[in-house]
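> Build me a model:
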Amino acid sequence: MNAASKLAVSSNGAVLAAEAVGQGPPLVLLHAGVTDRRVWAAQVARLRAGHRVVTYDRRGYGETPAADEPYSDVTDLLAVLDAGDIRQAVLVGSSKGGEIALDFALAYPGRVRALILVGTAIGGMPVPDDWGEVPECLGGEMQEARAAGDLDRLNELEAQLWLDGANPPGRVQGPLRDLFLAMNGPVLRAAPEEGTPPERTAYPRLPELTVPTLLVVGSLELPHLRAASEHAARVMPRAELHIVPDTAHLPALERPGAFGDLLDRFLASLPGGLEA
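Below you'll find the predicted structure:
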């Protein structure tokens, strides 16, 4: 199998850190807002034997500097596909990465073969009145830590929210927690500006998306995100929903084997071949 190769991705004034590995139908993996492209390591190792797998760091994450200009995440993703000479790909998006994948699929439907959305955010989705006891408590502590400039404490609190889920703190330990903290800590320090959102939000437009779609959520996911995926599964014409037991917001990190099995089955079910 070939080694990973760097992609030269320029998007307006930015240079995005990206790489491709493997040969075969293309998959582009989009990380969450609390991780960088390292979150996909187990899936890249699994998928590279039969696919060309592309990962990249968004602006302000991993090896990509924060933006010093207005920008669009959709335009950046288009630049990644073009730099890789990819006409059509399966997009795999986690959380904010899923939101970007949905926005991209609405803007460039011909470039998307299928969607795999993991604990996805959706532009324009309802904001809950009640976040639940644990998220509400953590939210207050996060505000205090941010106001005090205690970014190490804020990082740990975000690990409790997104990695442990709506549970007592410390459910996930060891190398997975260390990696989460290592990925999210620099993001908190960089404080990247978010990209300019599309003029039309995705939530009311979900029925327009007719590509095969796999929605994945952990059983310990925050209720409003699980509800968003359940709604998407109902209104998107070719969507299916799978729940990963005993898992919170990041199934690909926390349960790479179970998540990889879901990917394998879904990719095998796609009709015909994928365009390179």
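> show me what contacts the residue nearest to Trp162 when sequence neighbours are not counted?
The shortest distance from Trp162 to any residue other than its chain neighbours is 4.5 Å, reached at His249 (Cβ to Cβ, 6 or more residues apart in numbering). Every C-beta, even on glycine, is put in place using the N, C-alpha and C of the backbone. Shown in contact with His249 (Cβ atoms under 8 Å, 6 or more residues apart in numbering): Ala32, Ser95, Gly119, Leu161, Trp162, Leu163, Gly165, Gly218, Glu221, Leu222, Leu225.
> Show me these that map onto strands.
For these, membership in strands holds for Gly218, with DSSP state E as the criterion.
> Nearest to Cys137 among the contacts of His249?
For the contacts of His249, the minimum distance to Cys137 (Cβ to Cβ) is 9.9 Å, reached by Leu161.
> I'd say that closest one and Gly132 touch.
No. Counting by Cβ atoms under 8 Å, no contact exists between Leu161 and Gly132, whose distance comes to 10.6 Å.
> Of the two, which one has the most company?
Neighbours per residue, other Cβ atoms under 10 Å: of Leu161 and Gly132, the larger number sits with Leu161, 22 against 13.
> Okay, now the unreliable bits of the stretch 101-250 of the chain?
In the prediction, the stretch 101-250 of the chain carries no residues with pLDDT under 70.
> pretty sure Leu179 belongs to a helix, no?
Yes. Counting by DSSP: H, G, I helix; E, B strand; the rest coil, one finds Leu179 located in a helix.
> That one reaches Arg38, doesn't it?
Yes. Contact between Leu179 and Arg38 holds when scored by Cβ under 8 Å: they sit 6.8 Å apart.
> Grab the nearest non-local neighbour of Pro128.
If you skip the residues right next to it in sequence, Pro128 has His224 as its closest partner in space, 4.3 Å away by Cβ to Cβ, 6+ apart.
> picking up where we left off before, out of the contacts of His249, who's the most crowded?
Ranked by neighbours (other Cβ under 10 Å), the contacts of His249 are led by Gly119, which has 29 neighbours.
> so which strand or helix has the residue nearest to that residue when sequence neighbours are not counted?
Across the structure, with Cβ to Cβ, 6+ apart as the measure, the residue nearest Gly119 apart from its sequence neighbours is His249 (4.8 Å). No secondary structure element spans His249, as it lies outside all helices and strands (assigned by DSSP states H and E).
> and the residue nearest to Pro128, what is it in contact with?
Residues in contact with His224 (Cβ under 8 Å, 6+ apart) are Met125, Pro126, Val127, Pro128, Trp131.
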